[in-house]
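*Asks:* sequence and predicted structure, then a few things I'm wondering about:
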Amino acid sequence: MDLVETGGYSSAELIAEAQSLVLDSLSLTDAVRIGEATADLAAHKKLPVSIEVRLGSWTVYHISLEGSSDGHDSWISRKWAVVNHSQNSSLLELVKCEELGLSWYEANKLPEDAYAANGGAVPLHVKNQGMTATLIVSGLAGPDDHRLAVAGIRAFKTGEGLQE
């Protein structure tokens, strides 16, 4: 398994993490606040990332922080496509295939120019509803993008760092 690409995560660990991130509800305002919480964390650390939240295919939040580039938008769209296809985080999809010794693109018969099985896109699941939105981060190594997205969701869930 490529530890640089997967960050040393296992699929079991990522599945448990996803279960801990399930939300009780998600409104448009909540989706924007998740984006803002993630951006606050990134700005505090001066991370050169772009962050997006989509409700379905509708982009409801997007920000590119200092040092980010327009290339991040393509990564965001391609990572989102993986989550939209699988309803799992883009990192979980990569790790599951790596554990089986498979290429995600070959296993799913999907092109790399339209999909990015790389960390950074995390589905927002709502209890008893399933996936309703996606938080996507791009600009760091895939596992670091994933960690930032998870930290943003956790900050939203706990109310840390959010300004009313």
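*Replies:* Sure thing, it's come through.
*Asks:* poorly predicted segments of this protein, please.
*Replies:* Filtered on pLDDT under 70, the chain yields the residue ranges 1-4, 160-164.
*Asks:* list the neighbouring strands of the longest strand seen in it plus their orientation.
*Replies:* Longest strand in the chain by number of residues (criterion: DSSP state E): strand 130-138. Sheet pairing for strand 130-138, assigned by DSSP bridges, gives strand 50-55 (antiparallel), strand 121-126 (antiparallel).
*Asks:* ok, residues contacting the next helix or strand after it?
*Replies:* Along the chain past strand 130-138, the next helix or strand (assigned with DSSP states H and E) turns out to be helix 142-158. Contacts of helix 142-158 with the rest of the structure, by C-beta atoms under 8 Å, 6 or more residues apart in numbering, involve 5-9, 17, 21, 23, 30, 33-35, 37-42, 47, 49, 51, 89-91, 94, 118-122, 124, 135-140, 160-162. For the C-beta atoms, the positions are set from N, CA and C on the backbone; glycine is no exception.
*Asks:* centre-most residue in this structure?
*Replies:* Among the residues of the chain, the smallest C-alpha distance to the mean C-alpha position (C-alpha atoms, centre = their mean) belongs to A121, namely 2.1 Å.
*Asks:* for that residue, which non-adjacent residue is closest in space?
*Replies:* Ranked by C-beta to C-beta, 6 or more residues apart in numbering and with sequence neighbours excluded, the top spatial neighbour of A121 is K79, at 3.7 Å.
*Asks:* same thing with S103?
*Replies:* The nearest residue in space to S103 (C-beta to C-beta, 6+ apart) is C97, at 6.5 Å.
*Asks:* same thing with L55?
*Replies:* The shortest distance from L55 to any residue other than its chain neighbours is 4.8 Å, reached at A133 (C-beta to C-beta, 6+ apart).
*Asks:* so that neighbour makes contact with S57?
*Replies:* No. Between A133 and S57 no contact is recorded; they are 10.4 Å apart, counting by C-beta atoms under 8 Å.
*Asks:* of those two, which one has the most company?
*Replies:* Each of A133 and S57 had its neighbours counted (other C-beta atoms under 10 Å), and the higher figure belongs to A133 (24 against 8).
*Asks:* tell me the contacts of that one?
*Replies:* L26, A31, I34, V53, R54, L55, G56, V60, P123, L124.
*Asks:* now with 10 Å, please.
*Replies:* Contacts were defined as C-beta atoms under 10 Å, 6 or more residues apart in numbering; by that measure A133 touches 23, 26, 28, 30-31, 34-35, 53-56, 58, 60-61, 83, 122-126.
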